[in-house]
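Chemist: Sequence below, structure please.
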Amino acid sequence: MLGLGIIAGASFVKVPQISTLFGSKSAEGLAASGFELENIGLTIHAAYGFLKQLPFGTYGEATIMLLQNTALLALVYKYAKVPASRILTVAATNLLIIAAVLTGALRCDCLVTGCDNAPDKEASLLGTCRSGVDGHCNSSI
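Modeler: Below you'll find the predicted structure:
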């Protein structure tokens with residue numbers, strides 16, 4: 001019951017920002033990078049809950065907010081006249097994360113803890129994670 005209440009509340013979190021931005025037709029004072037990072041975080045949150053087969057009430061909030069944040073980001077891009085190359089890069093990054101998680105190329109435990117045995121943490125998120133002998137997540141790029 002509480003989960004459904006949280007999801008219902010999450011349905012309206014970004015609505016005031018969206019309507020204000022839509023009404024003013026200006027993205028002045030808003031940083032697209034903040035919304036982009038939030039989208040990546042929400043994508044990981046929703047993907048983790050989905051893959052762990054948690055009840056929708058535990059990750060549904062992230063899913064709903066991701067949809068709203070994506071709409072907000074689209075308006076920021078439109079009104080701030082962000083270059084198409086940046087928009088494509090951000091969209092490709094989000095799609096890559098989703099595809100990697102859904103195909104099993106990136107495991108849930110790597111999303112949360114990172115792949116400890118990788119040469120660098122950033123590359124590890126792009127690599128294929130598999131369980132090592134010692135139970136840690138290893139990466140092979």
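
Chemist: Please, where are all the strands along the chain?
Modeler: 128-131, 137-140 (DSSP state E).

Chemist: what bits of this protein have low per-residue confidence?
Modeler: 1, 106-141 (pLDDT under 70).

Chemist: how about Gly57, what does it touch?
Modeler: Going by Cβ atoms under 8 Å, 6 or more residues apart in numbering, Gly57 touches 2-4, 6-7. All C-beta atoms are positioned from the backbone trio N, CA, C, and that covers glycine.

Chemist: Just the buried residues of the residues you listed.
Modeler: Those of the contacts of Gly57 that meet the buried threshold are Ile7, by 16 or more other Cβ atoms under 10 Å.

Chemist: So which of the contacts of Gly57 sit within helices?
Modeler: 2-4, 6-7 (DSSP state H).

Chemist: could I get the residues you listed as CSV with distance to Pro16?
Modeler: Formatted as CSV, the ones in helices among the contacts of Gly57 follow (distance: Cβ to Cβ, whole Å):
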residue, distance to Pro16
Leu2, 23
Gly3, 23
Leu4, 22
Ile6, 18
Ile7, 18
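
Chemist: I'd like the distance between Tyr77 and Gln68.
Modeler: To Gln68, Tyr77 is 15 Å away according to Cβ to Cβ, to the nearest Å.
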